[in-house]
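J.: Sequence first, then the predicted structure:
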Protein chains: 2
Amino acid sequence: MVTPNIPKATAKRLPIYYRYLNILADAGKEHVSSTELAEAVKIDPATIRRDLSYFGALGKRGYGYDIASLQAFFKKTLRQDKLNNVALIGVGNLGHALLNYNFHKSNNARISAAFDIDPKITGLIQSGIPVYPMEDMQEQLQLQQIEIAILTVPADKAQAVTDELVAAGIKGILNFTPLRITVPKDVRVQNVDLTNELQTLIYFLQYFE
Amino acid sequence: MVTPNIPKATAKRLPIYYRYLNILADAGKEHVSSTELAEAVKIDPATIRRDLSYFGALGKRGYGYDIASLQAFFKKTLRQDKLNNVALIGVGNLGHALLNYNFHKSNNARISAAFDIDPKITGLIQSGIPVYPMEDMQEQLQLQQIEIAILTVPADKAQAVTDELVAAGIKGILNFTPLRITVPKDVRVQNVDLTNELQTLIYFLQYFE
């Protein structure tokens, strides 16, 4: 049922669908139409039908989609059936907030190790997560078989740290720094640029109000 | 020169171009080719040429784009020529990190007021920013003529707070809650869903490694 060649925009919507399917299932619902789903997640019904059709899921007229089977399918597709250990690199203000952020609640991912240069916090457990010095990063990532890192270091350190992460076998980086980091082809980067998000919002307000 | 009917994807890339143009100008460069720009920002040259052409900016063969004029143009387009006051609603872990986040550094936006329900922090100045109780939100937003809000309240409060923001005249919301909030047509929402970003990364790792 899984087709890897789906558009990136579709892939980005899958977690949204999954979260709402779980809410519906918890509420005891058994099926949902694309129109109902559209209203809840603010995505138009045609897009939802097209997205789900990539995975061979077809709603039935007058019934919609079967929630339990969609849920089971997404759980597997989104790798929710196993726990994904994630490393956090850089425990500044944003890093500290992410240590406390409940990724795990709706998502089978957990920050299992954090790394920083500040001797005041390294060697300690912060918000339940051990903070190691940067010198131990390569060793710990390999020991813990971590493939995913959240990068919240200062921009001027971002590329050097990225090179270390790649050398340690990291395959995916959630990049919170404003730098567009350079990685080999087999490493995936997802940029979360907060200044950018705010500027885009300001831009749209100016022209679309 | 400004055309408002540009694709959303193009609008999202403008702040990235703007930031790199500033870096190049600071380094004393006078012109840049789409290929050089592409290398720095990790966007392919054809996309850059198309994006800039929406604004009538055309590079010259063998010379590229004139940095000073592109910079001046982006400054105006991205509303960098005036300071945009922004409100932060909800000073929990993430909210607190955002109070300390340097939006202002590369961007003419500044959090000028924060709001929370916790009496331990309201009435105080945190990281240089006054934190008001929620009861004062409508009054302060109107007094300070704030049109943009960053929403970092718990998901179960998000819609009620959004309704208050809309009533107070807010026109743009940067939504960090996992809830897809409902707003009138003239209010713009930009979602920053951290769990989603992480899930998308995990999804792509699974199928593209």
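T.: Structure's in. What do you need?
J.: What segments of chain A are helices?
T.: All helices of chain A, identified by DSSP state H, fall at A:8-26, A:34-41, A:45-53, A:67-77, A:93-100, A:137-143, A:155-167, A:194-208.
J.: now the longest one, how far from the centre of its chain.
T.: When you say that, I think you mean helix A:8-26. Centre-to-centre, helix A:8-26 and its host chain are 12 Å apart (CA atoms, centre = their mean, to the nearest Å).
J.: need the contact list for the nearest residue to A:Pro133 once chain neighbours are set aside.
T.: Leaving aside its chain neighbours, A:Pro133 sits nearest to A:Thr122 (4.3 Å; criterion: CB to CB, 6 or more residues apart in numbering or on different chains). Backbone N, C-alpha and C define where each C-beta goes, glycine included. Residues in contact with A:Thr122, defined by CB atoms under 8 Å, 6 or more residues apart in numbering or on different chains, are A:115-116, A:131-133.
J.: right, and the helices of chain A - which one's nearest A:Asn85?
T.: helix A:137-143 (9.6 Å; CB to CB).
J.: Could you give me the buried positions within the closest one?
T.: Residues of helix A:137-143 classed as buried: A:137, A:140-141 (neighbour count, 16 or more other CB atoms under 10 Å in any protein chain shown).
J.: Then stretch A:189-196?
T.: For stretch A:189-196, by 16+ other CB under 10 Å, it's A:189-196.
J.: What of stretch A:100-119?
T.: Using 16+ other CB under 10 Å as the test for burial, stretch A:100-119 gives A:100-101, A:103, A:106-109, A:111-116.
J.: how far out from the middle of the chain is it?
T.: Distance of stretch A:100-119 from its chain centroid, counting by CA atoms, centre = their mean, is 12 Å.
J.: Show me what the worst-scoring helix or strand of chain A on mean pLDDT is in contact with.
T.: Least confident helix or strand, chain A: helix A:194-208 with a mean of 79, by mean pLDDT, DSSP states H and E. Residues outside helix A:194-208 that contact it (CB under 8 Å, 6+ apart) are A:176, A:178, B:2, B:4, B:11-12, B:14-16, B:18, B:77-79, B:84, B:86, B:98, B:101, B:103, B:105-107, B:109, B:147-148, B:150, B:171-174, B:188, B:190, B:192.
J.: Buried among those residues? Need that as a selection in PyMOL.
T.: Buried residues among the contacts of helix A:194-208 (16+ other CB under 10 Å), as a PyMOL selection:
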select buried, (chain A and resi 176+178) or (chain B and resi 11+12+14+15+16+18+77+78+79+84+86+98+101+103+106+107+109+147+148+150+171+172+173+174+188+190+192)
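J.: how near is the residue in chain A sticking out farthest from the centre to A:Tyr17?
T.: Residue farthest from the centre of chain A, counting by CA atoms, centre = their mean, is A:Gly62 at 33.8 Å. From A:Gly62 across to A:Tyr17, the span is 21 Å (CB to CB, to the nearest Å).
J.: what do you get for A:Ser127?
T.: Taking CB to CB, one finds A:Ser127 at 30 Å from A:Tyr17.
J.: Give me the more crowded residue out of those two.
T.: Applying other CB atoms under 10 Å in any protein chain shown to A:Ser127 and A:Tyr17 shows that A:Tyr17 carries more neighbours, namely 23 against 15.
J.: mind listing what that one touches?
T.: Applying CB under 8 Å, 6+ apart to A:Tyr17 gives the contacts A:37, A:41, A:48, A:51-52, A:70, A:74.
J.: was I right about A:Ala113 contacting A:Ala87?
T.: Yes - assessed by CB atoms under 8 Å, A:Ala113 is found in contact with A:Ala87 at 5.0 Å.
J.: Find residues that contact each of the two.
T.: A:140-141, A:144, A:146.
J.: Minimum pLDDT in these, which residue is that?
T.: pLDDT across the shared contacts of A:Ala113 and A:Ala87 is lowest for A:Gln144, at 90.
J.: burial count for it?
T.: 12.
J.: what pairs with A:Val86 across the strands?
T.: When bridges are called by DSSP bridges, A:Val86 pairs up with A:Ile111, A:Ile148.
J.: didn't it look like it was pressed against A:Gln145?
T.: No - A:Val86 sits out of contact with A:Gln145 when judged by CB under 8 Å, with a separation of 11.6 Å.
J.: residue closest to the middle of chain A?
T.: Computing the C-alpha centroid of chain A and ranking residues by CA atoms, centre = their mean puts A:Leu174 first, at 7.6 Å.
J.: ok now do it, which residues does it touch?
T.: With CB under 8 Å, 6+ apart as the criterion, the residues that contact A:Leu174 are A:148-151, A:190, A:192, B:197-198, B:201.
J.: out of everything not next to it in sequence, what's closest to it?
T.: A:Leu174 sits nearest to A:Ile150 (CB to CB, 6+ apart), 4.6 Å away.
J.: Counting neighbours, what do you get for A:Glu164?
T.: Count around A:Glu164 with other CB under 10 Å applied: 17.
J.: OK, contacts around it?
T.: Taking CB under 8 Å, 6+ apart, we find A:Glu164 in contact with A:137-138.
J.: and the gap between it and chain B?
T.: Separation of A:Glu164 from chain B (CB to the nearest CB, to the nearest Å): 19 Å.
J.: now A:Leu14
T.: 6 Å.
J.: Check that residue and give its pLDDT.
T.: A:Leu14 is assigned 84 on the pLDDT scale.
J.: these two touch, right, it and A:Lys76?
T.: No - the criterion here is CB under 8 Å, and A:Leu14 misses it with A:Lys76 at 11.5 Å.
J.: Thanks again, I'm all set now.
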